[in-house]
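Colleague: just need the structure, nothing else, for what follows:
(chains A and B)
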Number of protein chains: 2
Amino acid sequence: MSRVTTVPEKDRLNAQITFAVEIDKLKRIIRRNLLMDGSRRENDAEHSWYVAMLAMIFAEHAPPGTDIQRVVAMLMVHDLVEIDAGDTFVHDPVAVAAQAEAERAAADRIFALLPADQAAGLRGLWDEFEARETPEARFARALDRFAPLLANHNTQGGVWPLFKVTAEQVMRNVRLIEEGSPSLGAYAHDLVRRSVSKGYLSE
Amino acid sequence: MSRVTTVPEKDRLNAQITFAVEIDKLKRIIRRNLLMDGSRRENDAEHSWYVAMLAMIFAEHAPPGTDIQRVVAMLMVHDLVEIDAGDTFVHDPVAVAAQAEAERAAADRIFALLPADQAAGLRGLWDEFEARETPEARFARALDRFAPLLANHNTQGGVWPLFKVTAEQVMRNVRLIEEGSPSLGAYAHDLVRRSVSKGYLSE
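Modeller: Take a look at the predicted model:
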């Protein structure tokens, strides 16, 4: 291996194991949306698997040249900060604003459990996801918003009525989807229209 | 895009959406092992996320030249067949033998929901994982066995006493870990030794 390091191999492996044990906690962070059968709310770990799968399935809906493997890696780590900072409901603007600082502090703590070179790599993926400046980050964000839209549509509105979410609020997410993928954005737009016409979502 | 197809774009997208809705069911397939805090049993979707993360974290423990992004993709899809075939306890040889046919039938049905080119790609990943002939498949299998070992060790034996699992049975998994990664195999061997000395596992 060409990796250059002064850390003994055993310390490196122990740091990797510590991180592996820590991130198991993502399975206990509960999101707002339901599974597609409506049986329970989703957790962040299964959500992360799901959106990374969507990146593989919908790869051709990313702009040409998008590095899909980077999108997959980004989506794998995008919610790790919620181990400390918790999940934030995207339709709650006050919570979203307060969340930014808590998530940065969480990133500082959690990624630093890894050996420095790996910490920098995963932190870089998270920073890129948050900045939303690359096609990879915008496509990842699109899928992160597309998944709950699909789940809510497939559960007769899911948690939309409970949290009094309106079509206008959901359309803000549709615009984020369009930014990352015009074709998925068009599909999402149509889903919202169908949700409104079925009464899952109020205008 | 250079993809050659005679299927209209809209049918393609609809097939991808059907597959996306179908695989949400993986979140409801329950495995034997517990989360690291012992609070509940793990489901296949969060397990798939977890082992794909392990591939990223422990990449340097794979044999030189291993394509880690292929390992990640393989681990993302490796349990999809359990949507139909259910989870099989690795320490139950009768169940393991009966499972093979059910899993093949599940693969035939589930991957075929996708457009043919994508179905062939994901089915190829699953076949490769099952055949365990490439370094990628052997490393993926090692991580698939390493994760529950780590979880059981970190929950004072977890489900080992409940299912009367012995150190000898766990050592069979350690050999699979060694096959995919000598250094993780050595660590796993040590974990088993520590589990026995702490009384988590009987000899």
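Colleague: spatially central residue for chain A, please.
Modeller: Central residue of chain A (CA atoms, centre = their mean): A:D144, 4.5 Å from the mean position.
Colleague: give me the nearest residue to that residue, chain neighbours excluded.
Modeller: A:V51 (5.5 Å; CB to CB, 6 or more residues apart in numbering or on different chains). Bear in mind the C-beta positions are built from the backbone N, C-alpha and C, glycine included.
Colleague: can you get me a residue count around the one you found?
Modeller: Number of residues near A:V51 (other CB atoms under 10 Å in any protein chain shown) recorded here: 25.
Colleague: which secondary element of chain A has the worst mean pLDDT?
Modeller: Lowest by mean pLDDT, DSSP states H and E among the helices and strands of chain A is helix A:93-111, with a mean of 90.
Colleague: following element in sequence after that one, please.
Modeller: Toward the C-terminus, helix A:93-111 is succeeded by helix A:116-131 as the next helix or strand (DSSP states H and E).
Colleague: hmm, the strand ranked longest in chain A touching chain B?
Modeller: Using DSSP state E to define each element, chain A has its longest strand at strand A:30-34. No. Strand A:30-34 is not in contact with chain B by CB under 8 Å from any CB of the partner chain; minimum separation 10.1 Å.
Colleague: now for the host helix or strand of A:N152, which elements pack on it?
Modeller: Using DSSP H and E, the element containing A:N152 is helix A:135-153. For helix A:135-153, the packing partners by 3 or more CB pairs under 8 Å, 6 or more residues apart in numbering or on different chains; DSSP states H and E come out as strand A:30-34, helix A:44-57, helix A:68-77, helix A:116-131, helix A:167-180, helix A:182-197, helix B:9-23.
Colleague: name the residues of it that are buried.
Modeller: Of all the residues in helix A:135-153, those buried under the rule 16 or more other CB atoms under 10 Å in any protein chain shown are A:135-153.
Colleague: dump the residue contacts of the residue nearest to A:L176 when sequence neighbours are not counted.
Modeller: Leaving aside its chain neighbours, A:L176 sits nearest to A:R145 (5.1 Å; criterion: CB to CB, 6+ apart). Taking CB atoms under 8 Å, 6 or more residues apart in numbering or on different chains, we find A:R145 in contact with A:V90, A:N173, A:V174, A:L176, A:I177, A:A188.
Colleague: list the contacts for the first one?
Modeller: Translated: A:V90. Residues near A:V90 by CB under 8 Å, 6+ apart: A:V96, A:R145, A:N173.
Colleague: for A:A105, which residues are in contact?
Modeller: A:A105 sits next to A:D84, A:A85 when contact means CB under 8 Å, 6+ apart.
Colleague: repeat for A:H91
Modeller: A:F163, A:V165, A:Q169.
Colleague: now it, what are its backbone angles?
Modeller: A:H91 adopts backbone torsions of phi -100, psi 20, taken as degrees, to the nearest 10.
Colleague: what's the local residue count around the closest residue in space to A:E203 that isn't next to it in sequence?
Modeller: The shortest distance from A:E203 to any non-neighbouring residue, by CB to CB, 6+ apart, is to A:A167 (4.9 Å). By other CB under 10 Å, the residues close to A:A167 number 16.
Colleague: what do you get for the one 3 residues further on?
Modeller: For A:V170, the number of neighbouring residues by other CB under 10 Å comes to 23.
Colleague: that one against A:V159, yeah?
Modeller: No. Using CB atoms under 8 Å, A:V170 makes no contact with A:V159, being 11.6 Å away.
Colleague: may I have stretch A:119-139 as CSV, with CA atoms only?
Modeller: Taking C-alpha atoms only, stretch A:119-139 is exported to CSV below (Å, rounded to 0.1, in the frame of the first residue of the first chain):
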residue,chain,number,x,y,z
ALA,A,119,-11.2,11.7,8.7
ALA,A,120,-10.3,14.4,6.1
GLY,A,121,-11.6,12.3,3.3
LEU,A,122,-15.1,11.7,4.8
ARG,A,123,-15.3,15.2,6.2
GLY,A,124,-14.6,16.4,2.7
LEU,A,125,-17.5,14.4,1.4
TRP,A,126,-19.8,15.9,4.0
ASP,A,127,-18.6,19.5,3.5
GLU,A,128,-19.1,19.0,-0.3
PHE,A,129,-22.7,17.7,0.3
GLU,A,130,-23.5,20.6,2.5
ALA,A,131,-22.1,23.2,0.2
ARG,A,132,-24.1,21.9,-2.7
GLU,A,133,-21.8,23.4,-5.3
THR,A,134,-20.7,20.3,-7.3
PRO,A,135,-23.0,18.2,-9.6
GLU,A,136,-22.3,15.3,-7.3
ALA,A,137,-23.6,17.2,-4.2
ARG,A,138,-26.6,18.6,-6.0
PHE,A,139,-27.6,15.1,-7.3
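Colleague: what does that stretch rub up against?
Modeller: The contact list for stretch A:119-139 (CB under 8 Å, 6+ apart) reads A:55, A:62-63, A:65-67, A:70-71, A:73-75, A:77-78, A:80-81, A:103, A:107, A:111-114, A:140-141, A:179-181, B:56.
Colleague: in that stretch, what's buried?
Modeller: Under 16+ other CB under 10 Å, the buried positions of stretch A:119-139 are A:119, A:122-123, A:125-126, A:128-130, A:134-139.
Colleague: export those residues as TSV, with columns for pLDDT.
Modeller: Formatted as TSV, those follow (pLDDT from 0 to 100):
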residue	pLDDT
A:A119	98
A:L122	98
A:R123	98
A:L125	98
A:W126	98
A:E128	98
A:F129	98
A:E130	97
A:T134	98
A:P135	98
A:E136	98
A:A137	98
A:R138	98
A:F139	98
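Colleague: go through those residues and name the one nearest chain B.
Modeller: Nearest to chain B out of these is A:L122 (CB to the nearest CB; 7.7 Å).
Colleague: if I look at the closest one, how far off is A:F19?
Modeller: Applying CB to CB, to the nearest Å, one obtains 9 Å for the distance of A:L122 from A:F19.
Colleague: touching both of these two, which residues are there?
Modeller: Contact with both A:L122 and A:F19 is made by residues A:L114, according to CB under 8 Å, 6+ apart.
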